[in-house]
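>>> What follows is a predicted structure for the sequence shown.
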Amino acid sequence: MVGYSVKAKGIARDIFGTDENYVLPVQSLQSNEALLKAFKWLVNNENMVRKNLNRIMPDYKKRVYAGVEALKKL
């Protein structure tokens with residue numbers, strides 16, 4: 001993902017444990033090659049990314065929904 005704020009890095013860290021290879025800060029884009037390199041990494045690692053998402057997202061969603069319920073109680 002191309003990120004323009006610290007929030008993008010935080011979301012990637014929450015989901016993947018790191019923002020490396022998952023967030024490309026807009027501020028660091030110096031050339032078209034940087035964006036292309038980041039995209040190629042995602043394409044080359046698609047299966048691993050999907051596997052990690054399938055493993056991580058159910059628990060992540062539960063935590064989000066628990067947060068929503070806690071806010072409703074306020």
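Arrived safely, thanks for sending. Being a predicted model, the structure only gives us computed values, none of them experimental.

>>> C-alpha from now on. contacts and neighbour counts both.
Will do.

>>> State the next helix or strand along the chain beyond the worst-scoring helix or strand of the chain on mean pLDDT.
Across the helices and strands of the chain, the lowest-confidence element by mean pLDDT, DSSP states H and E is strand 2-3, at a mean of 78. Scanning forward in sequence from strand 2-3 by DSSP states H and E, the next helix or strand is helix 6-16.

>>> Can you give the contact residues for the very next helix or strand once past that next one?
Note on helix 6-16: by DSSP H and E, the next helix or strand toward the C-terminus is strand 24-25. The contact list for strand 24-25 (C-alpha atoms under 8 Å, 6 or more residues apart in numbering) reads M1, V2, G3, Y4, S5, L35, A38.

>>> Quick test: name the residue nearest the centre of this structure.
Centroid-nearest residue in the chain, with C-alpha atoms, centre = their mean: A12, separated by 3.0 Å.

>>> Quick check, pLDDT for it.
The score at A12 is 90. That number is its pLDDT.

>>> quick one on the thing from earlier: so which elements touch the least confident helix or strand of the chain?
With contacts taken as 3 or more C-alpha pairs under 8 Å, 6 or more residues apart in numbering; DSSP states H and E, strand 2-3 sits against strand 24-25.

>>> How far away from the center of its chain is the helix or strand that the strand it packs on is followed by?
Downstream of strand 24-25, the next assigned helix or strand under DSSP H and E is helix 32-44. Offset of helix 32-44 from its chain centre (C-alpha atoms, centre = their mean, to the nearest Å): 15 Å.

>>> Now do the buried residues in helix 32-44.
Using 16 or more other C-alpha atoms under 10 Å as the test for burial, helix 32-44 gives L35, A38, F39, L42.
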